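A.B. asks: Next comes the sequence, and after it the predicted model I'd like to discuss.
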Amino acid sequence: MTAAQTSFHSLPGSDSVEPASAVTARMWPMHMVGQQGQPVRVFLADDDCHIRRVIAQDLMSDVRTLLVGQAGSLREARKNICLQEFDVLMVDLNLGDGEGMELLDLVRETLPQVLSIVVSVTERDDKVFQAFDKGAVGYLLKNSWFGDYSQAVLQVANGGASITPSLAKKMLSRLDKTYATYEKSAPCQQDEKLSEREVEILKLIACGYNSPEIASHLKISTLTVATHVKNIYRKLQAHTRAHAVRAATLRGIL
């Protein structure tokens, strides 16, 4: 549902109405990231002013997300990113004066706590996997994205991944072939072992727990959980939680 399609619900005992996003926010579980008064902060970099406006309206219409900055070029983004505090970067891969991949590198190296979502028209396999290799946890195709942007932000902020369904299907098909090849060669490979804590976290992920729930269960910070998850991804050569669980299963870790 886009900002232009915002629906309204009647308030009990009143003739007035409130936006559906406000109703959803009131029902949002307290343990989830993105509460009223503490929204997920987003920085947006896209050279298409129309797309920026659409995304901005969607984010600002939901009290659980907040757009704190935006840029229309690589140069502007590099300059302003360092001046803002934010939780999620939404970035196009083509910024006119450069590539969004540079911003993924910048965020990964200088702001490791920030999560990145690519919003692009590009669906080339090499670009998609390169983006995930550079730390992206979401990839939305502009031409086929039919969800809402605030939901994508909330999904990654709470330990998930947000990928356009058609693209996810293609990625899984390719990964199935990759894992089939790995399964045959795995016994001959010497892999970096997961620590006891990483295995513990991976088991909780396999049971469906998100990052805040894992942090609460283990009595550690969500940032510490995020660091462990990144190490798990690196050691298992995985890009998403589902892929990490599957890779661990194939290796006999789970």
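C.D. replies: Structure received. For clarity, every value in this text was computed on a predicted model and none was experimentally measured.

A.B. asks: For stretch 223-238, give the mean pLDDT please.
C.D. replies: In this model, stretch 223-238 carries a mean pLDDT of 90.

A.B. asks: ok, residues contacting it?
C.D. replies: With contact meaning CB atoms under 8 Å, 6 or more residues apart in numbering, stretch 223-238 is reached by 112-113, 135, 159, 191-195, 197-198, 201-202, 205, 211, 214-215, 218, 239, 241, 243-244, 246-248, 251. For the C-beta atoms, the positions are set from N, CA and C on the backbone; glycine is no exception.

A.B. asks: Using ChimeraX, define a selection of the buried residues within the residues you listed.
C.D. replies: Entered in ChimeraX, the line below selects the buried ones among these, by 16 or more other CB atoms under 10 Å:
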select :135,159,194,198,201,202,205,211,214,215,218,239,241,243,244,246,247,248,251
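
A.B. asks: Just the contacts of stretch 223-238: which are in helices?
C.D. replies: Residues of the contacts of stretch 223-238 located in helices (DSSP state H): 197-198, 201-202, 205, 211, 214-215, 218, 241, 243-244, 246-248.

A.B. asks: Please enumerate the helices of this structure.
C.D. replies: Going by DSSP H, the chain shows helices at 20-27, 49-60, 74-81, 101-110, 125-133, 149-157, 165-185, 196-206, 211-218, 222-236, 241-250.

A.B. asks: Tell me which of those sits nearest to residue 88.
C.D. replies: Judged by CB to CB, the one of the helices of the chain that comes nearest to residue 88 is helix 149-157, at 5.1 Å.

A.B. asks: quick check: angle from that closest one to helix 211-218?
C.D. replies: 30 degrees (axes from the mean of the first three to the mean of the last three CA atoms, to 10 degrees).

A.B. asks: ok now helix 149-157, how far from the chain's centre?
C.D. replies: Its chain's C-alpha centre and that of helix 149-157 lie 7 Å apart, by CA atoms, centre = their mean, to the nearest Å.

A.B. asks: Among the helices of the chain, show me which one is buried the most.
C.D. replies: Of all the helices of the chain, helix 149-157 carries the top mean neighbour count, a mean of 24, counting by mean count of other CB atoms under 10 Å.

A.B. asks: and of the ones in helices among the contacts of stretch 223-238, the nearest to residue 87?
C.D. replies: Taking CB to CB as the measure, residue 87 lies nearest residue 211 of the ones in helices among the contacts of stretch 223-238, at 12.4 Å.

A.B. asks: who touches the closest one in this structure?
C.D. replies: Residues near residue 211 by CB under 8 Å, 6+ apart: 158, 159, 222, 225, 226, 229.
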